[in-house]
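Participant: Based on what follows, work out the 3D shape:
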Amino acid sequence: MLQLYGNPRSRAMRCLWMLEEMGKPYQLIEKSTRADDLQSAEYLRLNPNARIPTLVDGDLVLWESMAINLYLAQKYEGPMHCAGPEVLGLAAQWSFWAMLEMEELLLDLLQHRAMLPEFARDASYAERDELLLKKPLGVLNDALAGRDYLVGNSFTVADLNVAGILVWGKMSRLNLSDHAAVTRWFDACLARPACSRVRDRASRK
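Facilitator: The predicted structure follows:
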């Protein structure tokens with residue numbers, strides 16, 4: 001059985017969402033982001049970076065949420081399987097693009113809108129992040145204009161990985177009002193039953 005180390009309130013959320021979409025049995029081994037939970041000799045043998053998520057699939061041990069999801073999409077038949085190299089290539093393109101162009105800004109926005117204690121938050125940082133996010137959001141909005149999905153005619157790992165990063169924006173009250181196509185697509189992604197199950201699991205913790 002597939003094993004995933006992590007928790008639904010971290011980057012492992014993307015992998016949990018992927019596993020739920022696939023419909024394959026898996027085991028979630030809860031790991032927090034605390035150092036004492038990740039520095040055990042047993043876990044360091046799996047992931048010497050002492051980070052989550054980590055996937056174990058038989059003899060294969062794989063880190064990094066995007067690599068995990070792209071691997072799952074390529075290996076396993078089913079609704080999330082990449083039908084050909086074009087789909088996999090475009091999914092990788094959008095996944096890496098979202099990490100490079102949006103994730104750091106979204107996480108900084110989340111820190112200054114929600115995660116840091118009130119005295120440590122800086123509204124000017126949040127304003128800067130929102131301003132810098134306008135360009136990548138415009139690129140994403142143009143790509144989604146007149147279409148329901150980033151790649152082909154169905155929901156793929158490309159949509160999941162990009163939406164899984166944009167979740168940080170929802171948590172930090174990112175303003176998407178100028179990007180109607182992104183809003184429509186993102187709402188549809190979050191409304192998927194597999195995503196709802198993962199979000200419900202996170203809210204119960």
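Participant: tell me the SS of the residue sitting nearest the centre point of the chain?
Facilitator: With distances taken as CA atoms, centre = their mean, residue 164 lies nearest the centre of the chain, 2.8 Å away. With DSSP: H, G, I helix; E, B strand; the rest coil as the basis, residue 164 sits in helix.
Participant: Surely residue 160 touches residue 22?
Facilitator: No. Here residue 160 lies out of contact with residue 22, judged by CB atoms under 8 Å, at a distance of 10.5 Å. The way it works is simple: take the backbone N, C-alpha and C, and place the C-beta from them, glycine included.
Participant: buried ones in the helix-or-strand element of the chain with minimal mean pLDDT?
Facilitator: Every helix and strand in the chain was compared by mean pLDDT, DSSP states H and E; the lowest is helix 35-38, with a mean of 82. Across helix 35-38, burial judged by 16 or more other CB atoms under 10 Å covers residue 38.
Participant: just checking, next helix/strand downstream of that helix?
Facilitator: Next helix or strand after helix 35-38 toward the C-terminus (DSSP states H and E): helix 41-46.
Participant: Which positions within that following helix qualify as buried?
Facilitator: For helix 41-46, by 16+ other CB under 10 Å, it's 43, 46.
Participant: what pLDDT, on average, does that helix get?
Facilitator: When pLDDT is averaged over helix 41-46, the result is 93.
Participant: who's in contact with residue 133?
Facilitator: 102, 105, 106, 109, 169, 174 (CB atoms under 8 Å, 6 or more residues apart in numbering).
Participant: Helix or strand: which one has the third one?
Facilitator: Element membership of residue 106 [criterion: DSSP H and E] is helix 104-110.
Participant: just the CA coordinates of that helix, formatted as CSV?
Facilitator: Coordinates of each C-alpha in helix 104-110 appear next as CSV, following Å, rounded to 0.1, in the frame of the first residue of the first chain:
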residue,chain,number,x,y,z
GLU,A,104,7.0,32.1,-2.1
LEU,A,105,4.9,35.2,-2.5
LEU,A,106,1.7,33.4,-1.3
LEU,A,107,3.5,31.9,1.7
ASP,A,108,4.8,35.4,2.7
LEU,A,109,1.3,36.8,2.2
LEU,A,110,0.0,34.1,4.5
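Participant: for that helix, packing partners?
Facilitator: Judged by 3 or more CB pairs under 8 Å, 6 or more residues apart in numbering; DSSP states H and E, the packing partners of helix 104-110 are helix 123-144, helix 157-171.
Participant: Tell me which residue lies farthest from the centre of the chain.
Facilitator: Distance from the centre of the chain peaks at residue 119, with 28.9 Å (CA atoms, centre = their mean).
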